[in-house]
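Participant: need a structure here:
(2 chains)
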Amino acid sequence: MIELSHVRKRFGFKKVLQDVSFTAEQGQITCLIGLNGAGKSTILKAIMGLTPIQGGAIRIDGRPPGKDMYERVSYIPDHLIVPPSQRLSEALRFMEDFYRSWNPARANELMAFFGLDAKERAGNLSKGTAAKFNLVLGLAQDTDYVIMDEPFSGIDLFSRESVAAVFSSELVGERGVLLTTHEVGEIEFLLDKAVLLRQGTVARSFDCERVRSEEGKSVVDVMREVLLA
Amino acid sequence: MNRYLKLVHLEVQRFRYVLFGLMALTLIIQSIAIVWTSRNEMSRIREHEAIRAYYAEHPYSFAFAVSNAYFWLAVPILISVVVLALYVFGIWYRDWFGRDTFAYRLLTLPTARRNVYLAKATAILLFVFSMVAFQLLAMPFYQWLFRLAVPADLREPASLAEAVRGSPVFELLIPTDFTQFLIYYGFGIIAVFIVFTAILLERSYRWRGIFYAIVYIAACLAAFFLPLLLPVMDGNHYLYRTEILAIMIGIAILILAASIALGFRLIARKITV
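Facilitator: Predicted coordinates:
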């Protein structure tokens, strides 16, 4: 379980996260939802140790984050994080060199699934192709959790469908997924849990299926109620 | 250790074309300088009786050729120094700016973050010493070019040490005294680590970090030069010059240790993307 407990974060004098507490369980797809500037990406970066927090605690399976965490949690940011001059094959080799959790067979399977050319250079990829390769780098690791920041950002409809198909495939499997997205309506059917952020705090956290069956509301309906109130 | 070496390899690979370019530039410009200067001098000897008579008494040596060509020998060295000095900053900032921020990947590798810091420092030092070694290796080649350009009856032998002393830039780059070499390059290495830590201050605290970085560099410089304010032994005062130098070296080592320790802490706990 990824657990955030009373996390506080500021940039200079600006408070971005004021008191954020939620959990993301293994085997579930948890979506962080909020308006622009709510702190979604900051939360993901804080979990990955890419930005320090000023208060609270973050735990992965009961342990504080450390370098070993990167073998158990893979991160897929909203842009490609490969040197532009590097070929995709070299990037895959880099991952194999550094991550014990790297699964080369799954990497090849994902490259074929997305129709990517390993000889291409990272700097020459279109936004959609770069997003797909980003998914390859994140999903080809045998990790317990996958953290994704806007996996559908800037890609065309058909590419989004193939990305969405990955979520319900064995490529994600029993891993815990924590993601942020603005395209909630398109992937709502995949979500197990939603965490709504407003003004640096968790406004509401709920089980999507339970809300659908008990309250008759979709995730988007709850979003309108909470975020636009 | 394995991951550290892989990171060093990565950093070296990313800069290899620039490094080879600098070496090629150095070889080409310095070769042309030696040959052109020597042949120019030979033309002057053929045209002027007085100069021919002078060289009959004082044959033209490779050291003399280096001294005559020192400006064009220095140009590629200065270009290399500027490029490498800029890359002390570029080796960090290239990973943060641009479309693909590789810093995200470096900071989420399953290895101690100090390995990222040390790998970048090691890469810079490898580039510097590679250029110095290349310069040393090129000298015998230039000496061979000199022998091709100058007839045997007009030249006299000169050692490479004499040739190095023929140019102030070479003397700075390749001091013939080993203690001087240690002092020059030792202080250069310390300067790299100070700049690295200043960069990490900026990457950790952004606008405030620029202020912290400036203060940090100023504090290091002040600490280092403080012993120079001490009065030198002159009968009325206590310390010899060598003792003041020893104090400065001790302070420099402390500054190095502090810079590395602070750099480790910043990259592990404070840095932000």
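
Participant: what does the stretch 101-250 of chain B have sitting close to chain A?
Facilitator: When proximity is defined as Cβ under 8 Å from any Cβ of the partner chain, the stretch 101-250 of chain B approaches chain A at B:101-105, B:107-113, B:206-208. Just so you know, the C-beta spots here come from the backbone N, C-alpha and C atoms, and that holds for glycine as well.

Participant: how about those residues, which pair is most distant?
Facilitator: With Cβ to Cβ as the measure, no two of these lie farther apart than B:110 and B:207, at 31.9 Å.

Participant: more crowded one of these two?
Facilitator: For residue B:110 versus residue B:207, neighbours defined as other Cβ atoms under 10 Å in any protein chain shown are more numerous around residue B:110 (16 against 9).

Participant: element containing that one?
Facilitator: In this structure, residue B:110 sits in neither a helix nor a strand according to DSSP states H and E.

Participant: show the contacting residues for it.
Facilitator: Under the criterion of Cβ atoms under 8 Å, 6 or more residues apart in numbering or on different chains, the neighbours of residue B:110 are A:67-71, A:98-100.

Participant: from the residues you listed, list the ones also adjacent to chain B.
Facilitator: Counting by Cβ under 8 Å from any Cβ, the subset of these that neighbours chain B consists of A:67-71, A:98-100.

Participant: which ones among those residues are found in strands?
Facilitator: Cross-referencing these with the strands (criterion: DSSP state E) gives no overlap at all.

Participant: state the pair within those residues that is farthest apart.
Facilitator: Between any two of the ones next to chain B among the contacts of residue B:110, the greatest separation by Cβ to Cβ is 14.1 Å, found for A:69 and A:98.

Participant: list the buried residues in the lowest-mean-pLDDT helix or strand in chain A.
Facilitator: Among the helical and strand segments of chain A, the one scoring lowest on mean pLDDT, DSSP states H and E is helix A:157-167, with a mean of 79. Residues of helix A:157-167 classed as buried under the neighbour-count rule (16 or more other Cβ atoms under 10 Å in any protein chain shown) are A:159-160, A:163-164, A:166-167.

Participant: which of those residues lies closest to chain B?
Facilitator: Looking at those and their distance to chain B, the nearest is residue A:159, at 18.3 Å (Cβ to the nearest Cβ).

Participant: I figured residue A:114 hits residue A:155, correct?
Facilitator: No. The criterion here is Cβ atoms under 8 Å, and residue A:114 misses it with residue A:155 at 11.1 Å.

Participant: break chain B down into its domains, please.
Facilitator: Described in terms of automatic domain parsing, the domain architecture of chain B consists of the residue ranges B:1-161, B:177-273.

Participant: now do residue B:171 against residue B:252, distance only.
Facilitator: Computed with Cβ to Cβ, to the nearest Å, the distance linking residue B:171 and residue B:252 is 22 Å.

Participant: more neighbours, those two?
Facilitator: The residue with more neighbours, out of residue B:171 and residue B:252, is residue B:252; 19 against 14, by other Cβ under 10 Å.

Participant: circling back to that earlier point, weed out the non-buried ones from the ones next to chain B among the contacts of residue B:110.
Facilitator: With neighbours counted using 16+ other Cβ under 10 Å, the ones next to chain B among the contacts of residue B:110 contain these buried positions: A:67, A:69-71, A:98-99.

Participant: report the lowest-confidence entry in those residues.
Facilitator: For those, the least confidently modelled position is residue A:67, at 89, judged by pLDDT.

Participant: how far does stretch A:173-181 sit from the chain's center?
Facilitator: With Cα atoms, centre = their mean, to the nearest Å as the basis, stretch A:173-181 stands 6 Å off its chain's centre.

Participant: do it and chain B meet at all?
Facilitator: No. Contact between stretch A:173-181 and chain B is absent, the nearest approach being 14.8 Å (criterion: Cβ under 8 Å from any Cβ).

Participant: buried ones in that stretch, by neighbour count?
Facilitator: Those would be A:175-181, for stretch A:173-181 by 16+ other Cβ under 10 Å.

Participant: stretch B:90-103 now?
Facilitator: Residues of stretch B:90-103 classed as buried: B:91-92, B:94-95, B:100-103 (neighbour count, 16+ other Cβ under 10 Å).

Participant: can you tell me which of those lies nearest to residue B:137?
Facilitator: Distances from residue B:137 to these, taken by Cβ to Cβ, are shortest for residue B:91, at 24.8 Å.

Participant: excluding its backbone neighbours, what's nearest the closest one?
Facilitator: The shortest distance from residue B:91 to any non-neighbouring residue, by Cβ to Cβ, 6 or more residues apart in numbering or on different chains, is to residue B:120 (5.0 Å).

Participant: what's the answer for residue A:77, then?
Facilitator: Of all residues not flanking residue A:77 in the chain, residue A:149 sits nearest, at 5.0 Å (Cβ to Cβ, 6+ apart).

Participant: re the thing from before, which residues do residue A:114 and residue A:155 both contact?
Facilitator: Each of residue A:132 lies in contact with both residue A:114 and residue A:155 under the rule Cβ under 8 Å, 6+ apart.

Participant: narrow the ones next to chain B among the contacts of residue B:110 to those in helices?
Facilitator: The helices in this structure, assigned by DSSP state H, contain residue A:98 from those.

Participant: same list (the ones next to chain B among the contacts of residue B:110) but as TSV, adding distance to residue B:196.
Facilitator: Output for these, formatted as TSV (distance: Cβ to Cβ, whole Å):
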residue	distance to residue B:196
A:67	20
A:68	26
A:69	25
A:70	23
A:71	27
A:98	22
A:99	26
A:100	29
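
Participant: so, low pLDDT: which residues of chain A?
Facilitator: Scanning chain A for pLDDT under 70 picks out no residues.

Participant: which residues of it lie near chain B?
Facilitator: Selection of chain A residues close to chain B by Cβ under 8 Å from any Cβ yields A:11-12, A:45, A:48-52, A:67-71, A:75, A:77, A:79-85, A:94, A:97-100, A:122-123.

Participant: got a pLDDT number for residue B:231?
Facilitator: Per-residue confidence at residue B:231 stands at 66 (pLDDT).

Participant: picking that back up, which of the residues of chain A next to chain B count as buried?
Facilitator: Those of the residues of chain A next to chain B that meet the buried threshold are A:45, A:48-51, A:67, A:69-71, A:75, A:77, A:79-83, A:94, A:98-99, A:122, by 16+ other Cβ under 10 Å.

Participant: which ones among those residues are found in strands?
Facilitator: residue A:75.

Participant: SS state for the residue nearest to the spatial centre of chain A?
Facilitator: Per Cα atoms, centre = their mean, the C-alpha nearest to the average position across chain A is that of residue A:148, at 1.5 Å. Secondary structure, DSSP: H, G, I helix; E, B strand; the rest coil: residue A:148 is strand.

Participant: return the residues in contact with it.
Facilitator: For residue A:148, counting by Cβ under 8 Å, 6+ apart, the contacting residues are A:75-76, A:138, A:177-180.

Participant: ok, those residues vs chain B, which is closest?
Facilitator: The shortest separation between chain B and any of these is 5.7 Å, and it belongs to residue A:75 (by Cβ to the nearest Cβ).
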